[in-house]
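Enquirer: For reference, the sequence and a predicted model appear below.
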Amino acid sequence: QVQLVESGGGSVQPGGSLRLSCVGFGSTFTDRAMAWYRQTPGNRRELVADIGRDGETSHVEVFAKGRFTISRDNGKKTVYLEMNGLGPEDTAVYYCNYRYGSFGSWGQGTQVTVSS
């Protein structure tokens, strides 16, 4: 079982940028496709972007396309989410986890707040 720790969130103005990081503690991290998800109060957690286990394939949801980039460094057991052009609609708690199959234990997430 992997333990996931997200960081890098914060408060930014519209148009700003953030880089989120997710460190996976456990032997299965490099064997699995990973993803970033986000959740706002009262809503279901939604997929933001995912990346294959080797980092050669990735996918970004339509609402994030052209603004967000997902990457990973298996040597550091870390998945990143580079976010540019942030808008108030991106305000949420961001989590990382496996993309397919059973989820690992959810971490605390990292809060992203976009407001002027």
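Expert: That came through fine.
Enquirer: contacting residues for V5?
Expert: 22-23, 25, 107-108 (C-beta atoms under 8 Å, 6 or more residues apart in numbering). C-beta coordinates here come from the backbone N, C-alpha and C atoms, glycine included.
Enquirer: Dig out what the most centrally placed residue in the chain forms beta bridges with.
Expert: When C-alpha atoms, centre = their mean is applied to the chain, the residue found nearest the centroid is W36 (2.8 Å). Beta-bridge pairing of W36 under DSSP bridges involves A49, C96.
Enquirer: related to what we said a few turns ago, list only those of the contacts of V5 flagged as buried.
Expert: 22-23, 107 (16 or more other C-beta atoms under 10 Å).
Enquirer: and which of these is nearest to G75?
Expert: G75 lies nearest to V23 out of the buried ones among the contacts of V5, by C-beta to C-beta, at 11.9 Å.
Enquirer: How is that closest one classified with respect to secondary structure?
Expert: Secondary structure assignment for V23 (DSSP: H, G, I helix; E, B strand; the rest coil): strand.
Enquirer: thinking it is in contact with G75, fair?
Expert: No. With contact defined as C-beta atoms under 8 Å, V23 does not reach G75; the gap is 11.9 Å.
Enquirer: so where's the chain shaky on pLDDT?
Expert: 27 (pLDDT under 70).
Enquirer: so where do the strands sit in it?
Expert: Taking DSSP state E as the criterion, the chain carries its strands at 3-7, 10-12, 18-25, 34-39, 46-51, 58-60, 68-73, 78-83, 92-98, 110-114.
Enquirer: CA atoms only for the first one - export them in CSV, please.
Expert: Listed next in CSV are the C-alpha coordinates belonging to strand 3-7 (Å, rounded to 0.1, in the frame of the first residue of the first chain):
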residue,chain,number,x,y,z
GLN,A,3,1.1,6.5,1.3
LEU,A,4,0.6,9.7,-0.7
VAL,A,5,1.5,13.1,0.4
GLU,A,6,0.5,16.2,-1.6
SER,A,7,2.0,19.7,-1.3
